[in-house]
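Asker: Build me a model from this:
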Amino acid sequence: MEKKASTGKIWRKIFALLPKKQKLGFFLILAILGVSAVLSQLTPLAVGYLTDHVLASEDTSFGSVAPILLVILLVNVVNEVIKVARRLIVEDTATQAEKNARQQATMSLLLAPLSYFRSHMTGNIHGRLNRSLEGTVKLIKLMFMDFAPAVTTGLAAVVTIFLQLPAW
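Answerer: Have a look, this model is predicted:
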(Lines give C-alpha, C1' and ligand atoms only; values in the text may rest on other atoms or scores of the structure.)
Protein backbone atom coordinates (compact mmCIF):
# COMPACT_ATOMS: atom_id res chain seq x y z
CA MET A 1 0.00 0.00 0.00
CA GLU A 2 2.86 2.35 0.81
CA LYS A 3 4.39 1.77 -2.62
CA LYS A 4 1.12 2.76 -4.29
CA ALA A 5 1.02 5.98 -2.25
CA SER A 6 4.61 6.83 -3.17
CA THR A 7 3.91 6.17 -6.87
CA GLY A 8 0.97 8.58 -6.75
CA LYS A 9 3.16 11.10 -4.96
CA ILE A 10 5.81 10.84 -7.68
CA TRP A 11 3.24 11.41 -10.44
CA ARG A 12 1.80 14.42 -8.57
CA LYS A 13 5.29 15.92 -8.29
CA ILE A 14 5.97 15.33 -11.98
CA PHE A 15 2.59 16.82 -12.86
CA ALA A 16 3.38 19.86 -10.68
CA LEU A 17 6.52 20.50 -12.75
CA LEU A 18 4.44 21.18 -15.84
CA PRO A 19 2.84 24.44 -16.89
CA LYS A 20 -0.84 24.46 -17.82
CA LYS A 21 -0.16 23.91 -21.55
CA GLN A 22 1.77 20.71 -20.88
CA LYS A 23 -0.82 19.48 -18.37
CA LEU A 24 -3.44 19.82 -21.09
CA GLY A 25 -0.98 18.01 -23.36
CA PHE A 26 -1.10 14.99 -21.03
CA PHE A 27 -4.88 14.81 -21.39
CA LEU A 28 -4.56 15.24 -25.15
CA ILE A 29 -2.08 12.36 -25.17
CA LEU A 30 -4.59 10.17 -23.33
CA ALA A 31 -7.30 11.08 -25.84
CA ILE A 32 -4.94 10.32 -28.73
CA LEU A 33 -4.12 6.96 -27.13
CA GLY A 34 -7.81 6.10 -27.03
CA VAL A 35 -8.41 7.11 -30.65
CA SER A 36 -5.31 5.22 -31.79
CA ALA A 37 -6.42 2.10 -29.92
CA VAL A 38 -9.83 2.22 -31.59
CA LEU A 39 -8.30 2.82 -35.03
CA SER A 40 -5.91 -0.09 -34.59
CA GLN A 41 -8.91 -2.38 -34.08
CA LEU A 42 -10.66 -1.21 -37.25
CA THR A 43 -8.11 -2.80 -39.61
CA PRO A 44 -8.69 -6.40 -38.46
CA LEU A 45 -12.44 -5.79 -38.44
CA ALA A 46 -12.33 -4.45 -42.00
CA VAL A 47 -10.19 -7.36 -43.19
CA GLY A 48 -12.61 -9.77 -41.50
CA TYR A 49 -15.56 -8.11 -43.20
CA LEU A 50 -13.70 -8.18 -46.51
CA THR A 51 -12.97 -11.90 -46.34
CA ASP A 52 -16.24 -13.02 -44.75
CA HIS A 53 -18.73 -10.98 -46.76
CA VAL A 54 -17.26 -9.35 -49.83
CA LEU A 55 -14.86 -12.03 -51.08
CA ALA A 56 -17.21 -14.86 -50.13
CA SER A 57 -19.92 -13.60 -52.47
CA GLU A 58 -20.30 -15.00 -55.96
CA ASP A 59 -19.91 -11.75 -57.87
CA THR A 60 -16.75 -10.25 -56.38
CA SER A 61 -15.22 -7.42 -58.35
CA PHE A 62 -12.52 -4.85 -57.78
CA GLY A 63 -15.23 -2.23 -57.43
CA SER A 64 -16.66 -3.98 -54.38
CA VAL A 65 -13.24 -4.55 -52.78
CA ALA A 66 -11.68 -1.12 -53.48
CA PRO A 67 -13.75 0.93 -50.97
CA ILE A 68 -12.85 -1.44 -48.14
CA LEU A 69 -9.17 -1.36 -49.11
CA LEU A 70 -9.30 2.45 -49.17
CA VAL A 71 -10.88 2.50 -45.70
CA ILE A 72 -8.11 0.21 -44.42
CA LEU A 73 -5.48 2.48 -45.99
CA LEU A 74 -7.07 5.63 -44.60
CA VAL A 75 -7.44 4.19 -41.09
CA ASN A 76 -3.79 3.09 -41.01
CA VAL A 77 -2.48 6.42 -42.33
CA VAL A 78 -4.57 8.42 -39.84
CA ASN A 79 -3.46 6.12 -37.02
CA GLU A 80 0.22 6.63 -37.88
CA VAL A 81 -0.22 10.40 -38.14
CA ILE A 82 -1.79 10.62 -34.69
CA LYS A 83 0.95 8.37 -33.30
CA VAL A 84 3.53 10.85 -34.61
CA ALA A 85 1.55 13.72 -33.06
CA ARG A 86 1.44 11.84 -29.74
CA ARG A 87 5.20 11.30 -29.81
CA LEU A 88 5.81 14.99 -30.51
CA ILE A 89 3.53 16.02 -27.64
CA VAL A 90 5.22 13.54 -25.28
CA GLU A 91 8.68 14.83 -26.27
CA ASP A 92 7.57 18.43 -25.76
CA THR A 93 6.00 17.66 -22.40
CA ALA A 94 9.05 15.73 -21.18
CA THR A 95 11.39 18.49 -22.30
CA GLN A 96 9.27 21.13 -20.58
CA ALA A 97 9.19 19.08 -17.37
CA GLU A 98 12.98 18.76 -17.46
CA LYS A 99 13.38 22.49 -18.06
CA ASN A 100 11.10 23.41 -15.15
CA ALA A 101 12.77 20.90 -12.84
CA ARG A 102 16.21 22.30 -13.72
CA GLN A 103 15.00 25.81 -12.98
CA GLN A 104 13.56 24.77 -9.61
CA ALA A 105 16.73 22.85 -8.72
CA THR A 106 18.91 25.82 -9.69
CA MET A 107 16.81 28.17 -7.59
CA SER A 108 17.06 25.78 -4.64
CA LEU A 109 20.83 25.50 -5.03
CA LEU A 110 21.17 29.28 -5.17
CA LEU A 111 19.40 29.49 -1.82
CA ALA A 112 21.55 26.77 -0.22
CA PRO A 113 24.15 27.89 2.31
CA LEU A 114 27.82 27.78 1.30
CA SER A 115 28.47 25.11 3.93
CA TYR A 116 26.37 22.71 1.84
CA PHE A 117 28.74 23.15 -1.11
CA ARG A 118 31.77 22.66 1.11
CA SER A 119 30.46 19.35 2.39
CA HIS A 120 29.19 18.13 -1.00
CA MET A 121 31.42 18.22 -4.01
CA THR A 122 30.03 20.34 -6.84
CA GLY A 123 30.41 17.54 -9.39
CA ASN A 124 28.52 15.22 -7.07
CA ILE A 125 25.61 17.67 -6.91
CA HIS A 126 25.64 18.10 -10.68
CA GLY A 127 25.76 14.36 -11.31
CA ARG A 128 22.92 13.57 -8.93
CA LEU A 129 20.81 16.35 -10.39
CA ASN A 130 21.36 15.18 -13.97
CA ARG A 131 20.68 11.52 -13.15
CA SER A 132 17.48 12.45 -11.36
CA LEU A 133 16.24 14.65 -14.20
CA GLU A 134 17.16 12.10 -16.86
CA GLY A 135 15.30 9.43 -14.91
CA THR A 136 12.21 11.63 -14.66
CA VAL A 137 12.22 12.34 -18.40
CA LYS A 138 12.75 8.65 -19.20
CA LEU A 139 9.84 7.74 -16.91
CA ILE A 140 7.51 10.15 -18.70
CA LYS A 141 8.59 8.91 -22.12
CA LEU A 142 8.42 5.25 -21.13
CA MET A 143 4.96 5.69 -19.71
CA PHE A 144 3.41 7.54 -22.65
CA MET A 145 5.38 6.08 -25.56
CA ASP A 146 5.58 2.41 -24.59
CA PHE A 147 3.43 1.36 -21.65
CA ALA A 148 0.20 3.36 -22.10
CA PRO A 149 -0.18 2.58 -25.84
CA ALA A 150 0.21 -1.13 -25.17
CA VAL A 151 -2.38 -1.02 -22.39
CA THR A 152 -4.93 0.98 -24.40
CA THR A 153 -4.51 -1.18 -27.49
CA GLY A 154 -4.91 -4.31 -25.37
CA LEU A 155 -8.05 -2.95 -23.73
CA ALA A 156 -9.47 -1.97 -27.12
CA ALA A 157 -8.75 -5.47 -28.43
CA VAL A 158 -10.54 -7.10 -25.50
CA VAL A 159 -13.54 -4.77 -25.89
CA THR A 160 -13.63 -5.47 -29.63
CA ILE A 161 -13.57 -9.21 -29.02
CA PHE A 162 -16.47 -8.99 -26.59
CA LEU A 163 -18.43 -6.74 -28.97
CA GLN A 164 -17.99 -9.31 -31.77
CA LEU A 165 -19.31 -12.21 -29.68
CA PRO A 166 -22.96 -13.15 -30.13
CA ALA A 167 -25.29 -11.88 -27.41
CA TRP A 168 -26.32 -15.40 -26.32
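Asker: spatially speaking, which residue is in the middle of the protein?
Answerer: F144 (2.7 Å; CA atoms, centre = their mean).
Asker: In contact with that residue, which residues?
Answerer: F26, I29, L33, R86, V90, T93 (CB atoms under 8 Å, 6 or more residues apart in numbering). C-beta here means a position set from N, CA and C on the backbone, and glycine is covered the same way.
Asker: which residues touch the fourth one?
Answerer: Going back to what we said before, that points to R86. I29, I32, L33, S36, F144, M145, P149.
Asker: those helices in this structure, which residues are they?
Answerer: All helices of the chain, identified by DSSP state H, fall at 2-16, 20-49, 62-111, 114-119, 122-142, 148-164.
Asker: between the third one and helix 122-142, how many degrees?
Answerer: Right, helix 62-111. 160 degrees (axes from the mean of the first three to the mean of the last three CA atoms, to 10 degrees).
Asker: how distant is helix 62-111 from the center of its chain?
Answerer: With CA atoms, centre = their mean, to the nearest Å as the basis, helix 62-111 stands 7 Å off its chain's centre.
Asker: tell me the mean pLDDT over that helix?
Answerer: In this model, helix 62-111 has a mean pLDDT of 88.
Asker: Which of the contacts of F144 ranks first by neighbour count?
Answerer: T93 (26 neighbours; other CB atoms under 10 Å).
Asker: Could you check the pLDDT of the residue nearest to the centre of the chain?
Answerer: Reported pLDDT for F144: 87.
Asker: Which residues are in contact with R102?
Answerer: L129, L133.
Asker: now L17
Answerer: L17 makes contact with A97, N100, A101, Q104, T136, according to CB under 8 Å, 6+ apart.
Asker: quick one: contacts for P166?
Answerer: Not one residue lies near P166 by CB under 8 Å, 6+ apart.
Asker: Likewise for L110?
Answerer: L110 neighbours (CB under 8 Å, 6+ apart): none.
Asker: Quick check: the gap between it and Y116.
Answerer: 11 Å (CB to CB, to the nearest Å).
Asker: just A37 next, same as before
Answerer: 48 Å.
Asker: More neighbours: which of those two?
Answerer: More neighbours surround A37 than the other of A37 and Y116, with 22 against 11 (other CB under 10 Å).
Asker: so the more buried one makes contact with T160?
Answerer: No: contact criterion CB atoms under 8 Å: A37 and T160 do not qualify, at 9.5 Å.
Asker: Name the residues of stretch 135-144 that are buried.
Answerer: For stretch 135-144, the neighbour count (16 or more other CB atoms under 10 Å) marks T136, V137, L139, I140, M143, F144 as buried.
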